[in-house]
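J.: sequence unknown, structure follows:
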C-alpha cells in the first residue's frame, strides 16, 4: 500500500478475489470494518480517560480530599459537558454526509474539533481535484488520503505535550514557590487572557451592525443573557443559600444562553 | 534501590506512554484502511492537502501546547491534547471545576481537580457521541432541526458569557485591559474570528504583561 496513483477505476468494484488470490472487501465509507477500527481507537482513548480519572481520584483520597468534593467535581463536570457534547454529535452528523459515520466519529472523539476537521478534509479533497460541497462517494484511495491528512495535520499537541509538558509545569510550580502572590495573579491572568480572546471573538460580527445587519448583535446578546444568568445564580447562592447552585451555575447559564439564542435569532437574525 | 516517583512525576511518565501510544494508533488508522481495502495514498493529494493544512494547524498546536499546559496541569493536558475540543469544552470544564472547589492549578489538589474534570468531560463526551452514532437516524432530524440550530450555533457565546462573568467579576482590575483590547481588535478586524486560536496566546501574553506592570506598581 501507500503507492501513489491507484485510481478510482482500479479500485475493487465489489467483494471477490484479487489478482494474487486474496479476498478483498468492497469499499464503503460506512463499511462495518471501519466502524470496528474507529471503535478500537475510541476504546483506547476512553481507557486513557478512565486510567487518569482513577489515578487522580486515588491520589485525591490519599491527600485527604473529601469524597463529597470529588463527587461534586464529577457530577458538575458531567452535567456541564452534555450540551457541548451534543454540539459535537451535530458535527459528526454534518461530516458523516461526506465521510461516512466511522471517520468523523473517531476524529471527533479524539484530537479534533469541527473547526479543524472540515477544513482538513476539504483541503485533502481539493488537493485531489475534488470539491467538498460536491463530493458524493469517496473511493478507498481518496478516503485513506483524507484520513491521513486529517490525522497528521493536527498531531502536534499529542507529541509536544510529552516533550515540553514537564518543563512547563515545573516552571509554573517554581514560579509559585518564588512569589506566591504573583503565582496566583499569573494563573488568573492566563485564564483571563483566554476568556478575553473569546469575548472578543463573540464580537467578530459586530461591525456588520453599523451596516444595518442586526444579526451581528446575536452573539453578544446571547453572551449577555448567559452572564446575567450566572449573576442570578450567584445571587440565589448568596441570598437564598442554595448551595447546590454553585455546582450547576455554569451548565444553567450555558443552557439558558443557548435557549435565548432561539428567540434572539428569530428577532434579529 | 529504585526511587519512588512522586505523583506528578508518575503522571508525566504515564502521560508520555499513553500519548505516544495513542499517536501511533491514530496513525495506524489510515494504514489499516489502506491495507484492508488495498488502496494506496494519493501522494500528490496528501502532499498538497498537508501543505494547505499543516502550517496553520501545526502552528496552532504549538501555540495551544504552550498556552494550555500551564492552565490545565499535567494530567489534564495529556488527556485534553488526546481527546481534543480543548477551547470549547476541556479548558472550560477544568476552569469550572477549579472554581467550584476553589483550587489552584499549581497545587497538587488543583492538578487532581483538573485531571478529574477533563477525564469526566472526555468520558461523557465519548459516551454521548457513541449514543449519537447508534441513534443517528432518529437523532438527526432533531439535532439538525432549524428550530434548534441557533442554540447550537451560539454555544461559544453562551459558554464564555457565564465563564467570563465569574472570572471578570473576581479579577476585574486584571480583566479591563485585555477585554478592551480584544473587543477593539475583533470589532475592527472581523476576519480575526476565523483565527481565534491564535488570538488566545496574544490575549494571554498581553494580560500577563499588564498584570506584571500592575503588580509591580502595587495595584493588584
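T.: On my side now, so go ahead. Given the structure is predicted, the values throughout are model-derived calculations rather than measurements. Residues are numbered from 1 along each chain as shown, chains lettered A, B, ... in the order given.
J.: Tell me which residue is most central in chain B.
T.: In chain B, the C-alpha nearest the mean C-alpha coordinate belongs to residue B:86, at 1.5 Å (CA atoms, centre = their mean).
J.: Give me the distance between that one and chain A.
T.: From residue B:86 over to chain A the distance is 8 Å, taken as CB to the nearest CB, to the nearest Å. Quick note: C-beta positions are derived from backbone N, CA and C, even for glycine.
J.: That residue touches residue B:64, doesn't it?
T.: Yes - the pair residue B:86 and residue B:64 qualifies as a contact (CB atoms under 8 Å) at a distance of 6.4 Å.
J.: any shared contact partners between these two?
T.: Residues touching both residue B:86 and residue B:64 (CB atoms under 8 Å, 6 or more residues apart in numbering or on different chains): none.
J.: got a list of what residue B:103 touches?
T.: B:97, B:109-110, B:113.
J.: hmm, I was thinking of residue A:102
T.: Shown in contact with residue A:102 (CB under 8 Å, 6+ apart): A:29-31, A:34-35, A:37-38.
J.: Quick check: phi and psi on it?
T.: phi -60, psi -40 (degrees, to the nearest 10).
J.: what about the one helix or strand residue B:140 maps to, average pLDDT?
T.: Assigned by DSSP states H and E, residue B:140 belongs to helix B:136-143. Mean per-residue pLDDT for helix B:136-143: 88.
J.: likewise stretch A:110-124?
T.: Mean pLDDT, stretch A:110-124: 83.
J.: again, but for stretch A:220-229
T.: On average, the pLDDT along stretch A:220-229 is 96.
J.: Enumerate every residue touching residue 133.
T.: Because you didn't say which chain, this covers chain A. With contact set as CB under 8 Å, 6+ apart, residue A:133 has no partners.
J.: look at chain B instead
T.: Going by CB under 8 Å, 6+ apart, residue B:133 touches A:92, A:101, A:105.
J.: Neighbour-wise, which one of those residues leads?
T.: Neighbour counts for the contacts of residue B:133, by other CB atoms under 10 Å in any protein chain shown, peak at residue A:105, which reaches 27 neighbours.
J.: ok, and that one, which helix or strand is that part of?
T.: Using DSSP H and E, residue A:105 sits in helix A:102-109.
J.: what's the closest non-adjacent residue to the residue nearest to the centre of chain B?
T.: Nearest non-adjacent residue to residue B:86, counting by CB to CB, 6 or more residues apart in numbering or on different chains: residue B:80, 5.1 Å away.
J.: Would you mind naming the helix or strand containing the one you found?
T.: Using DSSP H and E, residue B:80 falls in helix B:43-83.
J.: State the mean pLDDT of the next helix or strand after that helix.
T.: Where DSSP H and E defines the elements, the next helix or strand beyond helix B:43-83 is helix B:91-100. Averaging pLDDT along helix B:91-100 gives 92.
J.: Would you indicate which residues of helix B:91-100 are buried?
T.: Going by neighbour count (16 or more other CB atoms under 10 Å in any protein chain shown), the buried part of helix B:91-100 is B:91-100.
J.: Any idea how many residues pack against residue 112?
T.: You didn't pick a chain, so chain A it is. 25.
J.: Actually, chain B is the one I wanted.
T.: Neighbours of residue B:112 using other CB under 10 Å come to 30.
J.: next one: the top helix by length along chain A to chain centre, how far?
T.: Longest helix in chain A, counting residues (DSSP state H): helix A:67-99. Centroid displacement of helix A:67-99 relative to its chain, using CA atoms, centre = their mean, to the nearest Å, is 9 Å.
J.: so residue A:262 makes contact with residue B:148?
T.: Yes - counting by CB under 8 Å, residue A:262 does reach residue B:148; the two are 7.5 Å apart.
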